[in-house]
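**Q** I'd like to go over a predicted model; first the sequence, then the structure.
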Amino acid sequence: MSTENNERELEAGIVTDLSGRMTYGSYLSLDQLLTAQNPVSVPEHHDELLFIIQHQTTELWLKQLLHELSSARELLASDDLREALKRVARVKRIQDVMTQQWAILATLTPTEYAQFRGALGNSSGFQSVQYRAVEFALGNKNEKMLSVFSDHPANLALLTAEWHKPTLYDEFLRYASRRGLPIPAEILDRDVRLPYRETPELVPAIREIYQNHQQHWDLYEACEDLVDLEDNFQFWRFRHLKTVARTIGMKVGTGGSSGVGFLQRALDLTFFPELYTVRTEIGG
Ligand code: HEM
Ligand SMILES: N[C@@H](CC(=O)c1ccccc1NC=O)C(=O)O
C-alpha cells in the first residue's frame with residue numbers, strides 16, 4: 001500500500017547522532033576505499049573508472065579466496081575435512097561471481113578501450129600478486145613468477161611464502177594418506193615449490209575413492225569439490241581470454257606477452273590432474 005506523499009517515515013528508534021561512534025563508513029574504511037580509484041587517462045576517459053573498479057573488485061575477491069584457501073589447507077592439515085569443504089564451497093561461490101562479472105567489462109568496446117589503453121604503460125594483470133598467490137596455492141607454482149615482484153618487497157615476500165607452502169591438493173592428498181588411501185610417497189614427500197605434476201601412480205588411489213565411493217563418501221565429495229574448483233578457475237581464465245580477444249584482438253599485451261596466445265596456454269594447465277585422468281578409467 002503506497003503512502004500519500006510517497007515518503008517513508010524515519011522510525012523513532014533509528015540512530016542519527018553518530019558523533020564519536022563507529023559508522024558504516026568508518027567500519028568499512030570507505031574514505032580510503034572510495035578514493036582509491038585514480039584514472040590516468042588525460043582527459044579522463046568515461047570508461048576508465050569501470051576498468052579500475054572491475055580490477056579492484058576482482059582483487060578484493062582474490063583476497064577473500066586466499067583467506068578461504070589458507071583456512072581450508074590448515075583445516076585439512078588438522079584432519080577437519082568437513083570444515084575444509086565448507087571453505088571450498090564458499091570459494092566456488094566467489095568464483096561464480098568473479099566469472100559472472102566479466103559481463104560488465106564486456107560492455108567496454110575496443111574503440112573505447114583503445115582511447116585509454118596507451119595510458120596504462122606496461123601495467124598488466126600479469127603483475128597481480130594475489131592472482132599468482134591463488135595459482136600457487138592451487139598448485140601452479142612457477143619460481144620464475146617471483147621475479148615480477150622483485151621491486152615490491154611486500155609482494156615478493158607474500159608470493160615467496162606461498163611458493164614454499166603445500167598446496168590445497170598437497171594437503172588433501174596428505175589427509176587421504178592419513179585416512180589409509182595408497183598415496184605414493186613421491187607425492188607426500190614432493191618439493192612443494194615445484195609445479196604439481198601428474199603422477200600416474202596416484203590414479204589407483206583416486207579410482208578406489210570413485211569406485212568404492214560408499215566407503216569413502218566424504219573423500220569422494222571432496223574430489224568432486226576440487227574438480228568444481230578447477231573447472232571454475234578455467235571458466236574465469238576463459239572469460240578473461242574472450243574479453244581480451246574482444247577488446248584487443250591479437251595485439252601484444254601491455255605486460256609484454258603475445259596476448260591471447262599466451263593466455264590460451266594457461267588453459268592447458270591443470271591443478272588436480274589425476275582427478276580428471278580417473279574419469280577416463282571409470283566404467284572401463
Ligand atoms: C580490457 C580488459 C583486459 C585486457 C585487454 C587484458 C589483457 C591481458 C593480457 C594481454 C594479458 C597477458 C599479459 C600481458 O601481456 O599484459 C593479461 C594477463 C592477465 N590479466 Fe588481463 N586483461 C583485461 C582485464 C583483466 C581484468 C579485469 C583482470 C582482473 C584482475 C585481469 C587480470 C589478469 C591476470 C591475472 C593476468 C595474468 C594471467 C596469466 O598469467 O595467465 N585482466 N591480461
Ligand atoms: N594487459 C592489458 C592491459 C590491462 O588489461 C591491464 C592494465 C592495467 C591493469 C590491469 C590490466 N588487466 C589485465 O592485464 C592489455 O594488454 O591491454
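**A** Alright, I've got the coordinates. Ligands and ions are numbered 1, 2, ... in the order given.
**Q** Tell me who's in contact with the residue in the chain positioned nearest to ligand 2.
**A** The nearest approach of the chain to ligand 2 comes at residue 125, 2.9 Å away (C-beta to the nearest ligand atom). C-betas here are computed from N, CA, C, even on glycine. By C-beta atoms under 8 Å, 6 or more residues apart in numbering, the contact list for residue 125 reads 55, 131, 240, 255.
**Q** measure it to residue 263 for me?
**A** Distance of residue 125 to residue 263, computed by C-beta to C-beta, to the nearest Å: 10 Å.
**Q** what do the two both touch?
**A** Residues within reach of residue 125 and of residue 263 at once, by C-beta under 8 Å, 6+ apart, are residue 240.
**Q** And the contacts of residue 125, which is closest to residue 225?
**A** Using C-beta to C-beta, residue 131 is the member of these that lies nearest residue 225, at 21.3 Å.
**Q** The closest one against residue 63, yeah?
**A** No - look at residue 131 against residue 63 with C-beta atoms under 8 Å: they stay out of range, at 10.8 Å.
**Q** Looking at these two, which is more packed in?
**A** residue 131 (17 against 13; other C-beta atoms under 10 Å).
**Q** host element of the more buried one?
**A** Using DSSP states H and E, residue 131 falls within helix 129-138.
**Q** Ramachandran angles for the closest residue in space to residue 164 that isn't next to it in sequence?
**A** In space, and not counting its chain neighbours, residue 164 is closest to residue 193: 6.2 Å by C-beta to C-beta, 6 or more residues apart in numbering. Torsion angles at residue 193 (phi, psi; degrees, to the nearest 10) stand at phi -80, psi -10.
**Q** Model confidence for residue 193, exactly?
**A** We have a pLDDT of 98 for residue 193.
**Q** contacting residues for it?
**A** 141, 143, 163-164.
**Q** ok, now which ones touch residue 95?
**A** Each residue near residue 95 by C-beta under 8 Å, 6+ apart is listed here: 65, 229, 232-233, 235-236.
**Q** what about the helix or strand hosting it and ligand 2, any contact?
**A** Secondary structure assignment for residue 95, by DSSP H and E: helix 81-100. No - Helix 81-100 does not reach ligand 2 (C-beta under 6 Å from any ligand atom); its nearest approach is 13.8 Å.
**Q** ok, now how distant is the residue of the chain closest to ligand 2 from residue 9?
**A** Where residue 9 is concerned, residue 125 sits at a distance of 48 Å (C-beta to C-beta).
**Q** now residue 85
**A** Taking C-beta to C-beta as the measure, residue 85 falls 46 Å from residue 9.
**Q** Residue 3 too?
**A** Computed as C-beta to C-beta, the residue 3 to residue 9 distance reads 8 Å.
**Q** what's the pLDDT at the residue in the stretch 51-200 of the chain positioned nearest to ligand 1?
**A** Taking C-beta to the nearest ligand atom as the measure, the stretch 51-200 of the chain has residue 125 as its residue closest to ligand 1, at 2.1 Å. Residue 125 is assigned a predicted lDDT (pLDDT) of 98.
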